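Student: Need coordinates for the following:
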Amino acid sequence: MIKYFFVICYSIWIINFSYTQNNYWQQAIDYEIIVDFDHNNHQFSGNEIIKYKNNSPEDLNKVFMHLYYNAFQPGSMMDVRSRNIEDPDSRVQDKISHLNNNEIGYHEIISIKNKKGKSLKYHVDGTILEIALDKTLKSGNSLFLEIEFESQAPLQIRRTGRDNKEGISYSMTQWYPKMCEYDLDGWHANPYIGREFYGVWGGFDVTISIDSEFILGGTGVLQNPQEIGYGYEDKSKPLKRSSKPKLDWHFKAENVHDFAWAADPDFLHDTTMLNNGTILHFLHQDDSLNKNWVELKPYAVKCFHYMNEHYGEYPYEQYSIIQGGDGGMEYPMCTLITAEGSFKGLVSVAVHESIHSWFQGILGTNESKHEWMDEGFCTYAQYEVLNYLYNFNMLNPLYRQYSNYIKFAHTDYQEPLSTHADFYKKNYVYGVSAYTKGSIFLLQLGYIVGDEVLKKGMKIYFDEWKFKHPKPLDFKRIMELESGLELDWYFEQFIQTINTIDYSIVDIEENEKTSIVNLKRIGDMPMPIDICIKTKEGKVIWYTIPLRIMRGNKTNDRIGQNVQVLPDWPWVYEDYGFEVDIPLNKIKSVQIDPSTRLADINPLNNVWNSID
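Tutor: Here you go, the predicted structure:
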């Protein structure tokens with residue numbers, strides 16, 4: 001019986017391993033969208049043709065689509081959630097509940113037809129559209145849909161909307177019926193509460209007919225620059241206005257999972273080019289902040305160069321930084337950001353949103369379920385890039401994030417990082433978890449496996465999972481293979497629990513010509529421990545204590561090459577002692593992790609100093 005048990009377990013392991021490594025699949029989609037936009041009433045009619053490839057092993061009898069604009073109506077789930085949560089977003093609060101009919105957002109479905117022109121049955125449930133297929137979509141087959149719809153851009157800005165606080169006419173994000181993703185976990189038909197997004201990889205062919213006074217920018221590459229003018233066709237020529245009442249802006253984007261755009265009659269348009277030929281577009285108003293926008297360009301260039309070198313090459317031919325939205329929000333090939341505040345603030349938000357091109361735009365993680373893999377990784381890279389841009393040379397660029405996390409860890413508000421983005425009890429908790437703890441997760445992983453292993457692993461991760469939907473397991477596998485260590489304990493403890501780290505130097509015992517360093521694990525989460533001993537003669541000696549469940553230890557790291565690896569620490573033991581060939585009267589100090597990468601919630605008990 002025992003023999004058969006092990007055979008079954010081994011078989012399950014082989015199936016899981018082979019599935020994630022060799023049998024990965026993802027759906028595919030192509031959109032052709034034609035929009036006729038009426039800026040007088042902020043409404044537009046749309047015709048959307050979809051070709052959807054079912055690459056899953058299952059047959060599908062229905063499909064789901066997002067209708068995000070329906071969230072901007074009194075009584076919507078976004079409205080109710082915003083009014084009931086303890087700390088509502090100041091940009092929303094109860095504002096949706098007060099919108100009039102000409103101020104709300106909506107997607108009204110006029111018709112849905114198959115390839116033969118037959119009307120299909122559908123049901124709208126808030127922000128989700130459910131379409132019943134007249135014929136089963138077999139595994140490996142494709143679906144053709146033609147959707148006619150009418151929409152109204154909401155007055156309330158939450159990423160999307162019209163007339164933002166800086167006077168931008170239209171921030172057009174989440175603006176079209178968008179196919180929900182179907183993956184190994186099934187359909188992700190989550191109602192829009194106001195958090196993050198998840199989409200199907202594919203192509204977009206979008207034509208926007210709008211009054212000729214407007215200048216547009218966004219996802220994709222403009223296909224008709226000569227017709228459009230506005231400096232798109234030749235930057236050496238002055239800006240020109242079209243005499244036509246309307247212009248058709250035709251964009252194409254390949255291998256993206258969303259499409260966003262913005263429009264304003266007062267946009268200035270400028271470009272600069274990276275050393276690899278990628279063109280950066282900048283669209284913003286000519287106002288008191290124009291100087292900041294002009295000075296932003298070289299910082300954006302350096303950011304992209306850094307990310308290309310250290311994380312992987314940005315694969316698209318252009319990227320646009322656009323004034324719009326209600327703060328900063330990332331989309332494939334573009335971002336919408338507001339410019340108010342200091343120049344350094346503009347640089348910081350532009351850097352963060354641009355870096356999303358790697359962790360959200362190209363590594364299309366399900367942000368709703370694994371928001372820390374996007375926001376946290378972006379925050380980690382953001383402060384690494386800012387450290388480089390300003391030449392700060394900080395040992396730990398995330399020192400403020402660590403300080404905020406330590407304060408947070410002493411509260412009763414914590415929730416696991418595995419919490420779905422929509423279900424955090426407070427916006428504050430979501431922010432600290434996704435951005436702060438998520439970024440610490442990555443820097444602390446470097447503490448465990450070594451900085452060089454982390455950097456190399458990040459590039460491998462990007463290369464192997466770009467244009468896919470990686471999950472935590474996929475990232476863990478890469479880091480385990482690169483480091484040679486087992487890391488499931490770290491992912492489980494730091495992501496799936498709210499256990500905290502707290503280690504203490506209890507005392508230093510004198511033992512004739514040697515000393516014994518006694519440590520204690522106080523927190524519930526175990527970690528490997530780096531110890532630095534400084535002698536009164538100025539000598540610095542490094543030790544590292546692996547966890548037994550790591551099944552090994554890091555090698556190269558910022559703590560140096562001559563590190564003494566001590567016997568591993570079984571995590572169930574609270575106490576650990578080790579002997580050093582240094583008399584007690586020769587020791588100046590002993591410190592746990594001077595690199596400050598360990599997220600120890602009580603750093604005060606990490607240092608022992610001689611009283612001499």
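
Student: contacting residues for the most centrally placed residue in the chain?
Tutor: The centroid of the chain falls nearest to residue 374 when counting by Cα atoms, centre = their mean (2.0 Å). Under the criterion of Cβ atoms under 8 Å, 6 or more residues apart in numbering, the neighbours of residue 374 are 196, 356, 359-360, 365, 367, 434. Using the backbone N, CA and C atoms, a C-beta is placed for each residue, glycine as well.

Student: what's the pLDDT at it?
Tutor: With respect to pLDDT, residue 374 scores 97.

Student: Just say helix, strand or coil for it.
Tutor: Here residue 374 is recorded as helix under DSSP: H, G, I helix; E, B strand; the rest coil.

Student: Does residue 187 touch residue 64 like I think?
Tutor: Yes. With contacts counted by Cβ atoms under 8 Å, residue 187 reaches residue 64, the gap being 5.6 Å.

Student: Next, show the common contact partners of those two.
Tutor: By Cβ under 8 Å, 6+ apart, residue 187 and residue 64 have these common neighbours: residue 180.

Student: in the protein, what residue sits furthest out from the centroid?
Tutor: Distance-from-mean max, the chain, by Cα atoms, centre = their mean: residue 512 at 54.7 Å.

Student: any residues touching stretch 579-588, and which ones?
Tutor: 508-511, 513-517, 533-537, 541, 543, 609-610, 612.

Student: Flag every buried residue along that stretch.
Tutor: For stretch 579-588, the neighbour count (16 or more other Cβ atoms under 10 Å) marks 580, 582, 584, 587-588 as buried.

Student: export those residues to TSV and tack on secondary structure and pLDDT?
Tutor: What follows is the buried residues of stretch 579-588, written out as TSV (DSSP: H, G, I helix; E, B strand; the rest coil; pLDDT from 0 to 100):
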residue	secondary structure	pLDDT
580	strand	97
582	coil	96
584	helix	96
587	strand	97
588	strand	97
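
Student: The helix or strand containing residue 227: how far from the chain's middle?
Tutor: Following DSSP states H and E, one finds residue 227 within helix 225-228. Taking Cα atoms, centre = their mean, to the nearest Å, the mean C-alpha location of helix 225-228 is offset from the chain mean by 34 Å.

Student: repeat for stretch 89-107
Tutor: Centroid separation between stretch 89-107 and its chain, computed with Cα atoms, centre = their mean, is 26 Å.

Student: Repeat that for stretch 149-169.
Tutor: Stretch 149-169 sits 23 Å away from the centroid of its parent chain (Cα atoms, centre = their mean).

Student: can you tell me the average pLDDT over that stretch?
Tutor: Stretch 149-169 comes out with an average pLDDT of 97.

Student: so how far does it reach from one end to the other?
Tutor: Length of stretch 149-169, first residue to last, Cα to Cα, to the nearest Å: 22 Å.

Student: just stretch 319-336 next, same as before
Tutor: 11 Å.

Student: any idea where the helices of the stretch 151-300 of the chain begin and end?
Tutor: Assigned by DSSP state H, counting those that start in this stretch, the stretch 151-300 of the chain shows helices spanning 225-228, 290-310.

Student: Equivalent analysis for the stretch 351-500 of the chain, please.
Tutor: 371, 377-389, 399-409, 427-431, 438-449, 451-465, 472-483, 488-496.

Student: Kindly present those helices as CSV, with separate columns for distance to residue 44.
Tutor: Shown next, in CSV, are these (distance: least, Cβ to Cβ, whole Å):
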stretch, distance to residue 44
helix 371, 31
helix 377-389, 31
helix 399-409, 41
helix 427-431, 31
helix 438-449, 36
helix 451-465, 35
helix 472-483, 39
helix 488-496, 41
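
Student: which one of the ones you listed lies closest to residue 49?
Tutor: helix 451-465 (29.7 Å; Cβ to Cβ).

Student: What helices and strands are in contact with the closest one?
Tutor: If you count contacts as 3 or more Cβ pairs under 8 Å, 6 or more residues apart in numbering; DSSP states H and E, helix 451-465 packs onto helix 290-310, helix 438-449, helix 472-483.

Student: Name the residues linked to residue 519 by a beta bridge.
Tutor: Beta bridges link residue 519 to residue 505, residue 576 when assigned by DSSP bridges.

Student: That one contacts residue 529, doesn't it?
Tutor: Yes. Look at residue 519 against residue 529 with Cβ under 8 Å: they come within range, at 6.8 Å.

Student: tell me, what's touching those two both at once?
Tutor: 503, 545, 576, 592.

Student: that older thread, now, of the helices and strands packed on helix 451-465, which is deepest in the fold?
Tutor: Each of these was scored by mean neighbour count; the highest is helix 438-449, a mean of 23, by mean count of other Cβ atoms under 10 Å.

Student: tell me the angle of it relative to helix 399-409?
Tutor: Calculated by axes from the mean of the first three to the mean of the last three Cα atoms, to 10 degrees, helix 438-449 forms an angle of 100 degrees with helix 399-409.

Student: what distance separates helix 438-449 from the middle of the whole chain?
Tutor: 16 Å.

Student: Likewise for stretch 471-478?
Tutor: Offset of stretch 471-478 from its chain centre (Cα atoms, centre = their mean): 15 Å.

Student: ok, and what's touching that stretch?
Tutor: The contact list for stretch 471-478 (Cβ under 8 Å, 6+ apart) reads 20-21, 365-366, 370, 373, 457, 460-461, 464-465, 487-488, 491, 495.

Student: where does this protein have low pLDDT?
Tutor: Across the chain, the ranges flagged by pLDDT under 70 are 1-22, 234-243, 561.

Student: Which two among the buried residues of stretch 579-588 are spaced furthest apart?
Tutor: 580 and 588 (13.0 Å).

Student: Can you add distance to residue 280 and give the helices of the stretch 151-300 of the chain back as a markdown table?
Tutor: Output for these, formatted as a markdown table (distance: least, Cβ to Cβ, whole Å):
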| stretch | distance to residue 280 |
| --- | --- |
| helix 225-228 | 16 |
| helix 290-310 | 6 |
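
Student: what's the spacing between residue 538 and residue 594?
Tutor: From residue 538 across to residue 594, the span is 15 Å (Cβ to Cβ, to the nearest Å).

Student: Looking at the two, which is more packed in?
Tutor: Taking other Cβ atoms under 10 Å, residue 538 and residue 594 do not tie; residue 594 has more neighbours (18 against 7).

Student: List the residues that contact the closest residue to that one other than its chain neighbours.
Tutor: Leaving aside its chain neighbours, residue 594 sits nearest to residue 532 (5.0 Å; criterion: Cβ to Cβ, 6 or more residues apart in numbering). Going by Cβ under 8 Å, 6+ apart, residue 532 touches 540-543, 559, 590-591, 594.
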